[in-house]
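K.L.:
What follows is a protein structure lacking sequence information:
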Ligand SMILES: Cc1ncc(C[n+]2csc(CCOP(=O)(O)OP(=O)(O)O)c2C)c(N)n1
Ligand code: SF4
Ligand code: SF4
């Protein structure tokens, strides 16, 4: 049977076909839909969201040691968080098969960096697979589990945004019935104290030698002969781009990319006049090939920033002199177009927090989530954003060196607080920091599309879940000042911030209004603007609500008055609270004259 | 099946239904017997940002994205976004543009930013075939603003080799039972929008 599947859906299907028993993850674009598909379509697999990637990874390791095939998925930066168990997991190896999906994000469509996680495979000495379309995304998962068990190793499965989020036709196979492996207690293999780990390092070295031989022979590394003098060495989506531009070159397409098949590469290079390495981001393949004394070129022509594309590959081929003409677009780019950045939804509870933070003029250490949009104009109320959970640590440091005389506030979402904010708050209590931490609790992991988390009361599989109460947790950590505020009450949020930054001890301001989009749309009675009263002062434009726009009507200076789109206003009241002439009111209170 | 290939770029603003439209086109292409790939980026785009979806249809498709300047067809759910994406299209490609106008808050709140005047006219100055339809108005006549999507697919169908029955079958699978009839009407209204009629 054939189906049109995204790379992520295909991975989920592969996991099903491979008879995986447990999948755990923390969401992160572009990896999230793998787990969502498993949760929705394959109930035979136990699947769960963990509070962060490290825990997700450790849960997977437990399942694998216990005898069931396991999957963990994460975005590229998630592997930084899970790197601690990952690096030592390479030492212990597996019992039942274990795959780590790392979904990298070249171009940073939704990420804070574009690190190339292929180096993580070399770093830990574990084998790596790189699919180049949806069909391979499914098939190579099944092969990956066999490999993992055959070589007793975790396998890094490296996707990128274009593989994860592109759809293609996939020929489906049946699921294999796997029987759990027997759980055998084996301290020399699973207890990594120095005396045992030394022995395991030897095993790693032996294993990588075997894998090197495997890499030379596997069908995942194949040659396509077209009788061309130009040879291309490539992997992942770059293969598809190159084939699109020059289907008639010869190809050495690598699907198994750690360790790389140097003998095969050398023979391929020797039988061609010119060989180019086409790969996205860093010169991962190129540097290794050159280090082996084999003559190839790559980054010189294609660059190492952002995503490749059919056009960029064609441009690189042209620079390298292997294609003559470069077909460029006949229609020029339209200049001076306005930007259309993403914005907080109409009625988003985060808006109130950032309006108040901006007004208070404090230094704001930010974090990652929908609320990061508070950094953009016109709200412009965030000073830092480094990685998930960083806000609290950043704020502690800023406050210790007294970066701002108005005080320092850390802003963090609920899911992010569970992910890696808790330890930051412990630091604040322990080291007697004066920081104020605002936890924006919107009862969902919104940024990544609305996933459950430890305080939403539901699991990934849609079942009732245990609930961690944020307020109780915060108090238990030793925070004495915990203030609950209504995110839609601008004055209350503002005065609370002012009071708490002036208090010489750590405090937590907890907002509690749900996301208006997820899990269900929330719409209250909309507001309207009385154009008779509106003075075109632009105060409501500055809160950046997509429901508010310029009206055709102007004041006597020709400045536009404001108008509210009734179909998207949720009635959050925030604009009405900042309107000086009180021209904004509930629709039912508006009497037209 | 002909051995033609089609590169279709769909653009719009988060929440307009760009992704559903590209699902339907890709599904129809697969059922017709073509190879097909489509690609879009999820994430930040859902919060009112620009959404674009690339669809590649041929006997054998490699790259999931269109080469810049090589789209045969551009479908835009919003007129300024059509203008913004015009350079992705071949000069003799077909642009299908809904007259929908969505001015983002940032344009209202920032001095010096402007929404272009007559984006469709600007497109016509540079591309040969620009079809613009008042899809919002047609949808309103049919009683449901969400039908814009299907109306645009109806217009597209005039430029694709798939039989009407195939389109309707796919739409049937993708919309709720009680909306099937109205979607078929919307599709047919779209089919009636022709290049010559609009140009005249
Ligand atoms: C280590 C890491 N894992 C995952 C992500 C992806 N990610 C970014 S923000 C976010 C969750 C945000 O949820 P929350 O803090 O509740 O804020 P909201 O979006 O709901 O406002 C996730 C999962 C990331 N950037 N880094
Ligand atoms: S999805 Fe929810 S949290 Fe994100 S911007 Fe919209 S309302 Fe705010
Ligand atoms: S009440 Fe005002 S700020 Fe809130 S959603 Fe409506 S228009 Fe936007």
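P.N.:
Structure's in. What do you need? The structure displayed is predicted, hence computed values, not measured ones. Ligands and ions are numbered 1, 2, ... in the order given.
K.L.:
Assumed residue A:439 was part of a strand.
P.N.:
Yes. Under DSSP: H, G, I helix; E, B strand; the rest coil, residue A:439 falls within a strand.
K.L.:
Return the distance of it relative to residue A:361.
P.N.:
Using Cβ to Cβ, to the nearest Å, residue A:439 is found at 21 Å from residue A:361. Placement of C-beta: from N, CA and C, glycine included.
K.L.:
and what of residue A:183?
P.N.:
According to Cβ to Cβ, residue A:183 and residue A:361 sit 59 Å apart.
K.L.:
Helices of the stretch 1-150 of chain A, start to end?
P.N.:
Here the stretch 1-150 of chain A has its helices, by DSSP state H, counting those that start in this stretch, at A:7-17, A:33-41, A:53-66, A:76-81, A:83-92, A:118-124, A:134-151.
K.L.:
Apologies, that question was intended for the stretch 301-450 of chain A.
P.N.:
Listed in chain order, the helices of the stretch 301-450 of chain A (DSSP H, counting those that start in this stretch) span A:310-319, A:350-360, A:390-400, A:414-416, A:422-430.
K.L.:
Which of those sits closest to residue A:204?
P.N.:
helix A:422-430 (30.4 Å; Cβ to Cβ).
K.L.:
other SSEs contacting that closest one?
P.N.:
Applying 3 or more Cβ pairs under 8 Å, 6 or more residues apart in numbering or on different chains; DSSP states H and E, one finds that helix A:422-430 contacts helix A:390-400, strand A:436-441.
K.L.:
okay if I get these as a markdown table plus mean pLDDT, mean neighbour count and distance to residue B:148?
P.N.:
As requested, those are exported to a markdown table (pLDDT from 0 to 100; neighbours: other Cβ atoms under 10 Å in any protein chain shown; distance: least, Cβ to Cβ, whole Å):
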| stretch | mean pLDDT | mean neighbour count | distance to residue B:148 |
| --- | --- | --- | --- |
| helix A:390-400 | 98 | 24 | 40 |
| strand A:436-441 | 98 | 27 | 34 |
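K.L.:
now these as TSV including distance to ligand 3?
P.N.:
Output for those, formatted as TSV (distance: least, Cβ to the nearest ligand atom, whole Å):
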stretch	distance to ligand 3
helix A:390-400	25
strand A:436-441	16
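K.L.:
circling back to that earlier point, so of the helices of the stretch 1-150 of chain A, which one's packed in deepest?
P.N.:
With neighbours taken as mean count of other Cβ atoms under 10 Å in any protein chain shown, the helices of the stretch 1-150 of chain A reach their highest mean count in helix A:7-17, at a mean of 28.
K.L.:
what separates the residue most central in space within chain B from residue B:160, distance-wise?
P.N.:
Nearest to the mean C-alpha position of chain B, counting by Cα atoms, centre = their mean, stands residue B:75 at 2.9 Å. Here the distance between residue B:75 and residue B:160 works out to 11 Å (Cβ to Cβ).
K.L.:
Ligand 3: which of the helices of the stretch 1-150 of chain A is closest?
P.N.:
Checking these against ligand 3 by Cβ to the nearest ligand atom gives helix A:33-41 as the closest, at 28.3 Å.
K.L.:
How about that closest one and ligand 1, touching?
P.N.:
No. Remark: helix A:33-41 sits outside contact range of ligand 1, by Cβ under 6 Å from any ligand atom, the gap being at least 11.6 Å.
K.L.:
Which elements pack onto that helix?
P.N.:
Judged by 3+ Cβ pairs under 8 Å, 6+ apart, helix A:33-41 is in contact with helix A:7-17, strand A:22-25, strand A:46-49.
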